[in-house]
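Q: need coordinates for the below:
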Amino acid sequence: MFVNANLTEHSPHWLTQNFKGPFYDYMPEWYGIVGFLIVKTMIINSIMPYVGLCTAFAIPALKRKMDRKFGSDVYSTKKTSMAMYKALYTGSEYVIHFKQSGILNITYMTMMYGVGMPILFPIAAFNFFNQYVCERIIVSYNVPLPPALDDKLTNNMISLFYWSPLLMLFNGYWMLSNPEIFQNSYQYIPDTI
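A: Sure, this is the predicted structure:
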């Protein structure tokens with residue numbers, strides 16, 4: 001986002017002098033260039049849970065096939081210990097912190113730019129649905145029993161969600177208060193007087 005921002009007129013100059021992008025504010029051209037990239041990234045992120053689902057099943061299956069030399073006998077193995085054999089057939093660990101950071105990223109991007117680009121709200125809902133479906137399948141069939149966690153991680157994540165509506169209010173007001181957007185939207189209305 002900062003690559004396209006022009007902050008040369010703001011202080012402190014030692015920090016802002018390097019941001020010499022083409023946009024001083026949210027202008028119609030910003031939506032065509034930067035807004036398009038944000039929407040495209042959100043759409044790609046909404047399909048990524050299915051990529052993770054496919055790799056969660058395909059890579060371990062390929063490793064197991066390679067271990068038994070592409071044969072069908074599960075007792076034929078190159079592993080030299082029972083622990084290595086169990087690790088191959090048990091599945092990978094469930095990385096809950098990675099999943100939660102993705103949910104936070106989607107939520108904050110949607111709340112930050114959703115007022116100016118309302119298409120982000122259905123894309124985020126589609127993304128959350130895809131993550132729900134894929135995570136249910138992965139937890140049910142692929143990973144071993146997830147580690148027993150207390151509610152501290154969940155409460156910490158919920159406390160981070162409290163800031164997203166505030167971000168939506170401030171940045172949404174900034175996006176809607178730009179006079180150039182409204183000036184360009186009214187130029188196509190025919191004069192009836």
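Q: count the neighbours of L53 for me.
A: 18 (other CB atoms under 10 Å). All C-beta spots, glycine's among them, are computed from the backbone N, C-alpha and C.
Q: who does the strand or helix carrying P165 touch, helix- and strand-wise?
A: For P165, the host element (DSSP states H and E) is helix 164-176. In terms of contacts (3 or more CB pairs under 8 Å, 6 or more residues apart in numbering; DSSP states H and E), helix 164-176 is packed against helix 96-113.
Q: give me the contacts around the helix it packs on.
A: Residues outside helix 96-113 that contact it (CB atoms under 8 Å, 6 or more residues apart in numbering) are 35, 38, 42, 45, 120-121, 123-124, 127-128, 131, 135, 146, 149, 153, 157, 160-161, 164-165, 167-168, 171, 175.
Q: weed out the non-buried ones from those residues.
A: 35, 38, 42, 45, 120, 123-124, 127-128, 131, 135, 157, 164, 168, 171, 175 (16 or more other CB atoms under 10 Å).
Q: sort the residues you listed by pLDDT and name the bottom one.
A: In terms of pLDDT, M175 ranks lowest among those, with 85.
Q: need the contact list for that residue.
A: Taking CB under 8 Å, 6+ apart as the criterion, M175 is in contact with 26, 113, 115-116, 181.
Q: looking at the protein, which helix is longest?
A: helix 36-67 (DSSP state H).
Q: about what we covered before: any idea how far the helix holding P165 is from the chain center?
A: Distance of helix 164-176 from its chain centroid, counting by CA atoms, centre = their mean, to the nearest Å, is 19 Å.
Q: that helix vs helix 96-113, what angle?
A: 30 degrees (axes from the mean of the first three to the mean of the last three CA atoms, to 10 degrees).
Q: so how far is T107 from the closest residue to G35 other than its chain neighbours?
A: Spatial nearest neighbour of G35, excluding adjacent residues (CB to CB, 6 or more residues apart in numbering): M117 at 5.4 Å. For M117, the distance to T107 equals 15 Å [CB to CB, to the nearest Å].
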